[in-house]
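1. Okay, here's the prediction I keep looking at, along with the sequence it came from:
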Amino acid sequence: MASLDSLHFDNRFARLPASLYSRVQPRGLARPRLVAFNPDVAALLDLDPACAQQPEFIEYFGGHRPLPGSAPLAMKYTGHQFGVYNPELGDGRGLLLGEVVNSRGETWDLHLKGAGQTPYSRFGDGRAVLRSCIREYLGSEAMHHLGIASTRALCIVGSEEPVQREKFELGAMLLRVADTHIRFGHLEWLYHSRQPELLRTLADFIITYHFPECAAGQDRYGDFFREIVRRTACLMAQWQLVGFAHGVMNTDNFSITGATFDYGPFGFLDAYEPGFVCNHSDHQGRYAWNQQPSVGLWNLNALAHALSDLVERDVLVEALQGYQAVFLAAYSQGLHDKLGLRGEQPGDRELVVDFLDLLARSGADYTRSFRGLGGLRLEDEKPALRDDFVDRDGFDAWHARYRQRLVAENSDDRERAARMQAVNPKYILRNYLAQTAIDKAEAGDYSEIETLRRILREPFAEQPEFGHYAALPPEWGRHLEISCSS
């Protein structure tokens, strides 16, 4: 296991042309303290977990001391924010410390969020707050263990430093770990600022290190874009299947490798509400939950425009036209699996759609309802799950059709339940759970963060000792407004 002083850095991005970034040193937090540490992410870096108990750990990740081998820099990029191109973007509160290579040959970006002002901070203070760091720390772990590509986080370092947002909050830093921090917006900046050679250089860099399967083809840039389309379509399907709403799907918040990126005012569905908007600043509902698949395609269109000097228009159009088929195939199969159906039979699509309509009409809980379906037995005419639906007659009629469909494939209750429990989580990071951890942490008690990390590590397991964490949200936690400001 490596110590903090012996991490193997290979800072590849820092060897690219200097106009892609600005070198900046972190600015330390006042009186830093360790709030949370993730041993699973430490293992990704071959880092000895015992290092978290050493004083220098807080100094490194609280911004007071440079990590040996690191080369901190703030990346320059742009992007479309709520559909409007903004050329004045970049790492305004975070620094890429460098890239660590582990013993398996994997390379991981270390990115310190909340590290202070950079040339791209505009009028911001360059800080993050404890609230948002806790949400990203837990949210990224939840998504990873749900099997969805995501950034992760090694630790949170808190402080007594006041940071002004809607109110004064406690400043904090989060050490984010990702395969890359390159975004759609990196390529958009180089296209819109008319730097075609640098765009080609960056595209070649991305292909070499993140899309090597595209490097040898005759149409390497076309293959590169096709793969981005495929990954993005699959990611959107996965978000929809678990009821995840990102909240700020700007192109500068989209990872080039198809990982869930930049956790802000995200939220998981409680009651099934297709038009759910988790960001209280999204007054028009542009990034509502049911709009996410179309926004994914919109963002890919913006990226296609940025790549138009490298890829023929017909190739870009063809790739974009393939998005819907990939998304629908992944989403339809995922819903099929969530209902525990095998094979394809006439009426399956209607059965799925009608169940979602039933959820919406009753305002039934999305996660608990799908999980509950796994416990139904063929002999049950009126299962306990029906009590969760306002329209019980509607549920009874749908349930009769569902039973008939299961009988037609000779479904076995136990075998089907096992399959369904493997795709329908029992535990998600509901907003009220995250808020409870935040409230305790702001009062100096960090234990709930670790409890939630452990629970979310096994979202499909029963974990009976933690069953109350799968409960419906209390009244105060049903309609929490989440701010984009962090």
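-> It's in.

2. Domains of the chain: list them as residue ranges, please.
-> Using automatic domain parsing, the domain ranges for the chain come out as 4-181, 185-333, 339-421.

3. Which helix in this protein has the most residues?
-> Here the longest helix in the chain is taken by residue count, with DSSP state H as the criterion, and it is helix 220-242.

4. Pull the distance from that helix to the chain's centre.
-> Computed by CA atoms, centre = their mean, to the nearest Å, the separation of helix 220-242 from the middle of its chain amounts to 14 Å.

5. what is the mean pLDDT for the helix or strand that it is followed by?
-> Beyond helix 220-242 on the C-terminal side, the first helix or strand identified by DSSP states H and E is strand 244-245. Mean pLDDT, computed over strand 244-245, is 98.

6. and what of stretch 167-180?
-> Here the mean pLDDT over stretch 167-180 is 97, rounded to a whole number.

7. what's the answer for stretch 108-117, then?
-> For stretch 108-117, the mean confidence score works out to 98.

8. Show the model's pLDDT score for the nearest residue to His8 once chain neighbours are set aside.
-> For His8, ignoring the flanking residues on the chain, the nearest one in space by CB to CB, 6 or more residues apart in numbering is Val101 at 4.8 Å. In short, each C-beta sits where N, CA and C put it, glycine included. Predicted confidence (pLDDT) for Val101: 97.

9. can you check Ile482 too?
-> With respect to pLDDT, Ile482 has a value of 82.

10. burial of it, as a residue count?
-> The tally of other residues near Ile482 (other CB atoms under 10 Å) stands at 23.

11. quick one, phi psi at it?
-> When read as degrees, to the nearest 10, the backbone of Ile482 gives phi -110, psi 130.

12. which ones are touching it?
-> Applying CB atoms under 8 Å, 6 or more residues apart in numbering to Ile482 gives the contacts Gly247, Gly264, Pro265, Phe266, Gly267, Cys278, Asn279, His280, Asn431.

13. now those as CSV including neighbour count?
-> Listed next are the contacts of Ile482 as CSV, based on neighbours: other CB atoms under 10 Å:
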residue, neighbour count
Gly247, 25
Gly264, 21
Pro265, 25
Phe266, 25
Gly267, 25
Cys278, 24
Asn279, 23
His280, 13
Asn431, 21
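
14. Next step: those restricted to helices.
-> Among those, DSSP H puts Asn431 in helices.

15. Closest one of the contacts of Ile482 to Leu300?
-> Among those, Gly247 lies closest to Leu300 (CB to CB), at 19.0 Å.

16. tell me the contacts of that closest one?
-> Contacts here follow CB under 8 Å, 6+ apart; on that basis Gly247 touches Gly264, Pro265, Phe266, Gly267, Cys278, Asn279, Asp282, Tyr287, Ile482, Cys484.

17. surely the fourth one meets Cys278?
-> Yes: here Gly267 lies in contact with Cys278, judged by CB atoms under 8 Å, at a distance of 3.5 Å.

18. next structured bit after the top strand by length along the chain?
-> Within the chain, and with DSSP state E defining each element, the longest strand by residue count is strand 152-164. Proceeding C-terminally, strand 152-164 gives way to strand 168-178 as the next helix or strand, assigned by DSSP H and E.

19. Output that next one as PDB - backbone C-alpha positions only.
-> Coordinates of each C-alpha in strand 168-178 appear next as PDB, following Å, rounded to 0.1, in the frame of the first residue of the first chain:
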ATOM      1  CA  PHE A 168     -23.300  31.800   5.900                       C
ATOM      2  CA  GLU A 169     -22.200  28.200   5.700                       C
ATOM      3  CA  LEU A 170     -19.100  26.200   6.700                       C
ATOM      4  CA  GLY A 171     -16.400  26.000   4.100                       C
ATOM      5  CA  ALA A 172     -15.100  22.500   3.100                       C
ATOM      6  CA  MET A 173     -13.100  20.700   0.400                       C
ATOM      7  CA  LEU A 174     -13.800  17.400  -1.300                       C
ATOM      8  CA  LEU A 175     -11.200  15.300  -3.000                       C
ATOM      9  CA  ARG A 176     -12.900  14.000  -6.200                       C
ATOM     10  CA  VAL A 177     -11.600  10.900  -8.100                       C
ATOM     11  CA  ALA A 178     -12.500  10.300 -11.700                       C
END
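
20. Just the angle for the following helix or strand past it relative to helix 220-242, thanks.
-> Proceeding N to C from strand 168-178, the next assigned helix or strand is helix 184-192, under DSSP H and E. Between the direction of helix 184-192 and that of helix 220-242, the angle (axes from the mean of the first three to the mean of the last three CA atoms, to 10 degrees) works out to 140 degrees.

21. what residues does helix 184-192 touch?
-> Outside of helix 184-192, the residues within contact range by CB under 8 Å, 6+ apart are 20, 75-80, 85, 87, 89, 196, 198-199, 202-203, 250-252, 254, 256, 299, 302-303, 305-309.

22. In the chain, mark out all the strands, start to finish.
-> Counting by DSSP E, the chain has these strands, from start to end: 21-23, 33-37, 73-75, 79-81, 84-86, 94-101, 107-113, 128-129, 152-164, 168-178, 244-245, 267-268.

23. sorry, back to before: can you add distance to Leu452 and give the domains of the chain back as JSON lines?
-> What follows is those, written out as JSON lines (distance: least, CB to CB, whole Å):
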{"stretch": "domain 4-181", "distance to Leu452": "5"}
{"stretch": "domain 185-333", "distance to Leu452": "13"}
{"stretch": "domain 339-421", "distance to Leu452": "15"}
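
24. that older thread, give the buried residues for the longest strand of the chain.
-> Of the residues in strand 152-164, Arg152, Ala153, Leu154, Cys155, Ile156, Val157, Gly158, Ser159, Glu161, Val163 count as buried by neighbour count, 16 or more other CB atoms under 10 Å.

25. Quick one: residues contacting the spatially most central residue of the chain.
-> With distances taken as CA atoms, centre = their mean, the chain has Thr260 as the residue nearest its mean C-alpha position (3.2 Å). The contact partners of Thr260, by CB under 8 Å, 6+ apart, come to Ser140, Met143, Ile148, Ala149, Ser150, Thr151, Leu235, Trp239, Phe244, His246.
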